[in-house]
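[1] any chance you could fold what I've pasted below:
(2 chains)
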Protein chains: 2
Amino acid sequence: MTQSADLRTPLSPTPRSTLTRSKERARSERADLDAVLDAGLVCHLGVLLGGAPVVLPSIYGRDGDTLYLHGSTGAGNLRAALATDISVAVTLVDGVVYARSAFHFSMNFRSAVVHGRAVEVTEPADRMHALEVITEHAAPGAWSRVRLPNKKELAATLVLALDLTEASVKVRSGGPNDDPADIEHGGVWAGVLPVRQVWGEPIDAADLQPGLAVPGDVLERAEPGLVPAR
Amino acid sequence: MTQSADLRTPLSPTPRSTLTRSKERARSERADLDAVLDAGLVCHLGVLLGGAPVVLPSIYGRDGDTLYLHGSTGAGNLRAALATDISVAVTLVDGVVYARSAFHFSMNFRSAVVHGRAVEVTEPADRMHALEVITEHAAPGAWSRVRLPNKKELAATLVLALDLTEASVKVRSGGPNDDPADIEHGGVWAGVLPVRQVWGEPIDAADLQPGLAVPGDVLERAEPGLVPAR
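    Prediction:
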């Protein structure tokens, strides 16, 4: 996340990362990709299992042009992710678009879809870095104050890296695109009902030692009902 | 949605719909599947394109044991969805689980993953019904007050049905599962930071005819910052 957007290569325009529908919604800058990936909490990982795609929710993290995924070494789905190209999607829903006609109902959203061959991260320092990136994505500021993974935990963890070269970013915003005749005809409300994720108030673990305060990194994030989640 | 859960067949325990990790999080009742699918706004559809999985966000709808998807007839991705088994995932994030150790950080979530071969819905009445189900999923109560799809719009729309037989449902809730030694050691806050989707205030379309009020189905849904989105 330290690289300047100006110096980075543009997103790759391969057939599968080129939008064929609603091209006006496409974004091609790395900064757009970064923004969507950084704003999401979970991704959906598509792997090939028994000849068919299987989609699984997962947490993830991004560092520069690399997306990190992790899971149990015993997870067949994650092992399968190493055997063929995979696809990772992150989608943020921003609103329901109400139109005058059923055909033009839509969603406002920001989405990123990444394609490529993931590699296993094997170097101990790289693995620890990847786990830090993933943990900090889910819980910014937490890594420095918790117990870090020990040898046993590291041995049980599979870490994957996916290069963020081949990706498409799509953004829909604004109101409905109704037909002129429907607009002229009138009589039907049209607009957008926004939706957003918000944080609630932190809940102490049931077995938390008495008197332990909620740390700053959690408090800063949580402002009940007011702060968009991420 | 009119069927009694008691009379319905349980979810199919095929290898790909059987959880191998964290089995205690598995749910096997149809009512659990329905609850997750009905609570989501978008799904992630996994299709096979050029031998690799591609994951795409999509709106959808459920009626009984059928999931409906739709898109443009010109969308190659949706056409590809008819050629092999597909996978559809719906995930609701409920919170970030903060643990005493990095290894036990997690997310609270509800997720459903469906597997199967989709079929194209071709009968005119079935197509119209499917589009009603999808529209009502995104915007409950809207179908009855908007202009319905005309012949041209219907001809441009591909409608898919996916049987909800082979599916897995996974739910994680509650606090962190820290190691006893870390709990005993103390000193690190642990708990859950809840997250939820909320609706904002409806925004009129820029070209809305003056004086047209926000309809009841939209107003009922929107209560700024207070009502969970779905």
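
[2] residue A:191: what's it in contact with?
    Contact analysis of residue A:191 by Cβ atoms under 8 Å, 6 or more residues apart in numbering or on different chains lists A:98, A:175, A:176, B:202, B:203, B:204, B:205, B:208, B:214, B:218. (Glycine included, C-beta is placed from N, CA and C.)

[3] tell me the residue furthest from the middle of chain A?
    residue A:185 (40.4 Å; Cα atoms, centre = their mean).

[4] how near is it to residue B:202?
    As judged by Cβ to Cβ, to the nearest Å, residue A:185 and residue B:202 stand 21 Å apart.

[5] from the contact counts, what lies against the lengthiest helix in chain A?
    In chain A, assigned by DSSP state H, the helix with the most residues is helix A:124-138. Other helices and strands packing on helix A:124-138, by 3 or more Cβ pairs under 8 Å, 6 or more residues apart in numbering or on different chains; DSSP states H and E, are strand A:60-63, strand A:66-72, helix A:151-155, strand A:157-163.

[6] of these, which approaches residue B:47 most closely?
    Counting by Cβ to Cβ, residue B:47 lies closest to strand A:157-163 out of those; the figure is 18.7 Å.

[7] with just CA atoms, put that closest one into CSV.
    What follows is strand A:157-163, C-alpha atoms only, in CSV (Å, rounded to 0.1, in the frame of the first residue of the first chain):
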residue,chain,number,x,y,z
THR,A,157,-2.0,-22.7,8.4
LEU,A,158,-1.9,-22.6,4.6
VAL,A,159,-1.1,-19.2,3.2
LEU,A,160,-1.8,-18.3,-0.4
ALA,A,161,-0.7,-15.2,-2.4
LEU,A,162,-2.5,-14.1,-5.5
ASP,A,163,-1.0,-11.5,-7.8
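
[8] report the distance from whichever helix or strand comes after it to the chain centre.
    Next helix or strand after strand A:157-163 toward the C-terminus (DSSP states H and E): strand A:166-172. From the chain centre to the centre of strand A:166-172 is a distance of 12 Å (Cα atoms, centre = their mean, to the nearest Å).

[9] residue A:138: neighbouring residues, count only.
    19 (other Cβ atoms under 10 Å in any protein chain shown).

[10] need the contact list for it.
    By Cβ under 8 Å, 6+ apart, the residues touching residue A:138 are A:41, A:59, A:61, B:96, B:105, B:107.

[11] so the last one touches residue A:41, yeah?
    It refers to residue B:107. Yes - using Cβ atoms under 8 Å, residue B:107 is in contact with residue A:41, at 7.1 Å.

[12] anything in contact with each of the two?
    Common contacts of residue B:107 and residue A:41 (Cβ under 8 Å, 6+ apart): A:59, A:138, B:93, B:96.

[13] give me the neighbour count for the last one.
    Spelled out, that is residue B:96. 26.

[14] which strand residues bridge it?
    Beta bridges link residue B:96 to residue B:107, residue B:193 when assigned by DSSP bridges.

[15] let me have the helices and strands packed on helix A:124-138 in JSON lines, adding distance to chain B, mean pLDDT and mean neighbour count as columns.
    Listed next are the helices and strands packed on helix A:124-138 as JSON lines, based on distance: least, Cβ to the nearest Cβ, whole Å; pLDDT from 0 to 100; neighbours: other Cβ atoms under 10 Å in any protein chain shown:
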{"stretch": "strand A:60-63", "distance to chain B": "11", "mean pLDDT": "98", "mean neighbour count": "22"}
{"stretch": "strand A:66-72", "distance to chain B": "6", "mean pLDDT": "96", "mean neighbour count": "21"}
{"stretch": "helix A:151-155", "distance to chain B": "4", "mean pLDDT": "97", "mean neighbour count": "12"}
{"stretch": "strand A:157-163", "distance to chain B": "8", "mean pLDDT": "97", "mean neighbour count": "21"}
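
[16] out of the ones you listed, nearest to residue B:147?
    Closest among the helices and strands packed on helix A:124-138, once you apply Cβ to Cβ, is strand A:60-63, at 41.0 Å.

[17] the closest one - contacts with which helices or strands?
    Strand A:60-63 sits against helix A:30-39, strand A:66-72, helix A:124-138, with contacts defined as 3+ Cβ pairs under 8 Å, 6+ apart.
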